[in-house]
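Chemist: My questions are about this predicted structure, shown below with the sequence.
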Amino acid sequence: MSMTRVISLSDEAYDALKKMKGEGESFSKVVVKLTEKEKNRGIMAFAGVWKDKPEMEKIMKKIIKGRKKFRTREVKF
């Protein structure tokens, strides 16, 4: 059994959903499609996300510095 809920949207959110809505498609279908798409994203969806972020250079420097300090050791079994 399907229930109907009332939610509030800003004008901006409503307009964005309306643009995505196809002929004869309900707003509910648009929301379900968007959430399914988000739920099924793979790891590659994150590739390059930080590329143009100014803080990324600082983070990379910390990573490289930490890797230079890393030393391996031999473990005997």
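Modeler: It's in.
Chemist: residues near V6, how many?
Modeler: Counted with other CB atoms under 10 Å, the neighbours of V6 add up to 4. Just so you know, the C-beta spots here come from the backbone N, C-alpha and C atoms, and that holds for glycine as well.
Chemist: For T35, grab the count of nearby residues.
Modeler: 10.
Chemist: Can you tell me the element it falls in?
Modeler: In this structure, T35 is located in helix 27-39 according to DSSP states H and E.
Chemist: From the contact counts, what lies against that helix?
Modeler: helix 11-20 (3 or more CB pairs under 8 Å, 6 or more residues apart in numbering; DSSP states H and E).
Chemist: and the helix it packs on, how far out from the chain's middle?
Modeler: Centre-to-centre, helix 11-20 and its host chain are 20 Å apart (CA atoms, centre = their mean, to the nearest Å).
Chemist: Enumerate the positions of that helix that are buried.
Modeler: Residues of helix 11-20 classed as buried by neighbour count (16 or more other CB atoms under 10 Å): none.
Chemist: Contacts for it, please.
Modeler: Contact with helix 11-20 is made by L9, F27, V30, V31, L34, as judged by CB atoms under 8 Å, 6 or more residues apart in numbering.
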